[in-house]
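J.: the sequence and its predicted three-dimensional model are supplied below.
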Amino acid sequence: MRKIALIEDDVDLYGLVKYNLEKEGFAVVGAQTGRGVVELCRRERPDLVLLDVMLPDSDGLELCKAIRQHPELAPLPIIFLTARASETDRIVGLELGANDYIVKPFFVRELIARIKIQFRGQASATRVLKAANLELDRSRCEARVNGTLLTLTATEFRLLEFLMSRPGVVYSREQLLDAVWGHDRAVTDRTVDVYILRLRQKIESDPANPLLIRSVRGFGYSFSNNLEPAATEPARPLQYGTPT
């Protein structure tokens, strides 16, 4: 089931759009203010964002920029819903990274048609990520090893999903903190080491010699589908206590 994040301050319009989207088989999450929209998207993992431009506490254009600059959320399709109808407004919205720009008032059937256009060509199979005996289901927020369901915290799941969806890419601890924990955080880069250790204990057949989540000496971590043993970076002593 596709999930839509609806950010709209008009209560009646929010309810109308939500009702019709759910009637079409979409799951809907959202808010009526701009506060916390990036965190909402990180937590809920929507497949598309419907974003009002004129929100009571935020500028939808700035929110679009923030989503596009976030390493984890950047690929999300964004459709603006707005009363701003000038050519200049449309151009600015599209240049900031919106995939579509719909002016109010609009026909709900047209909105749904434009949403479906964004999903054309996207393989639903990408909702399930696989590597060796590890399988991660994004839609269910579940991970399994050899078919056995793993007990993961929300943060562990986000970290594993981020790495699995970008195999072979090396990320520094700082980059992982930004992508998984967000920019507004009260944790250090040692937190990443702790969570990587926890994940290895749950997904690796031999956590001391990991094949999936690999250390890159002097830089950070990478997820690998090439299941050949590799030397790992020596463990760094934890000096800041248990992360939250």
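T.: Everything's here; your move.
J.: and for Thr155, the neighbour number?
T.: 16 (other C-beta atoms under 10 Å). Quick note: C-beta positions are derived from backbone N, CA and C, even for glycine.
J.: my guess is it meets Ala179, correct?
T.: No: the pair Thr155 / Ala179 is not scored as a contact, 11.5 Å apart, by C-beta atoms under 8 Å.
J.: using CSV, write out every CA atom in stretch 93-110.
T.: Output of stretch 93-110 as CSV, limited to C-alpha atoms (Å, rounded to 0.1, in the frame of the first residue of the first chain):
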residue,chain,number,x,y,z
GLY,A,93,8.0,25.7,-7.0
LEU,A,94,9.2,23.4,-9.7
GLU,A,95,12.7,24.8,-9.7
LEU,A,96,12.9,24.1,-5.9
GLY,A,97,12.4,20.4,-6.6
ALA,A,98,8.6,19.8,-6.7
ASN,A,99,7.5,17.1,-9.1
ASP,A,100,4.1,18.8,-9.7
TYR,A,101,2.2,22.0,-8.9
ILE,A,102,-1.5,22.0,-8.4
VAL,A,103,-3.5,25.2,-7.9
LYS,A,104,-6.5,25.4,-5.6
PRO,A,105,-9.3,24.9,-6.2
PHE,A,106,-8.7,21.6,-7.9
PHE,A,107,-10.7,18.4,-8.8
VAL,A,108,-9.9,15.6,-6.5
ARG,A,109,-10.0,13.1,-9.4
GLU,A,110,-7.3,15.1,-11.1
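J.: pLDDT (mean, whole number) over that stretch?
T.: Stretch 93-110 shows a mean pLDDT of 90.
J.: can you list contacts of it?
T.: With C-beta atoms under 8 Å, 6 or more residues apart in numbering as the test, stretch 93-110 has contacts from 13, 16-17, 20, 51, 53, 61, 64-65, 67-68, 77-85, 89-90, 111, 114, 117-118.
J.: now that stretch: how far from the chain's centre is it?
T.: 22 Å (C-alpha atoms, centre = their mean, to the nearest Å).
J.: can you mark which positions in it are buried?
T.: Gly93, Leu96, Ala98, Asn99, Asp100, Tyr101, Ile102 (16 or more other C-beta atoms under 10 Å).
J.: what's the farthest-apart pair in those residues?
T.: Spatially, the most separated pair among the buried residues of stretch 93-110 is Leu96 and Ile102, at 15.2 Å (C-beta to C-beta).
J.: can you give the domain ranges for the protein?
T.: Residue ranges for each domain of the chain read 3-119, 125-223, as given by automatic domain parsing.
J.: quick check, Glu44 in contact with Val29.
T.: Yes: counting by C-beta under 8 Å, Glu44 touches Val29, with 4.6 Å between them.
J.: quick check: neighbours shared by the two?
T.: Contacts common to Glu44 and Val29, judged by C-beta under 8 Å, 6+ apart, are Lys3, Ala5.
J.: one step back: tell me which of the contacts of stretch 93-110 fall in helices.
T.: 13, 16-17, 20, 61, 64-65, 67-68, 89-90, 111, 114, 117-118 (DSSP state H).
J.: nearest to Asp137, of the residues you listed?
T.: Gln118 (21.9 Å).
J.: give me the nearest residue to the closest one, chain neighbours excluded.
T.: Pro77 (4.2 Å; C-beta to C-beta, 6 or more residues apart in numbering).
J.: same question for Leu152.
T.: Ala143 (5.8 Å).
J.: what's whatever helix or strand Leu129 lives in in contact with?
T.: In the assignment (DSSP states H and E), Leu129 maps to strand 128-131. Contacts of strand 128-131 with the rest of the structure, by C-beta under 8 Å, 6+ apart, involve Glu135, Leu136, Asp137, Arg138, Glu161, Met164, Ser165, Pro167, Leu212, Phe223, Asn225.
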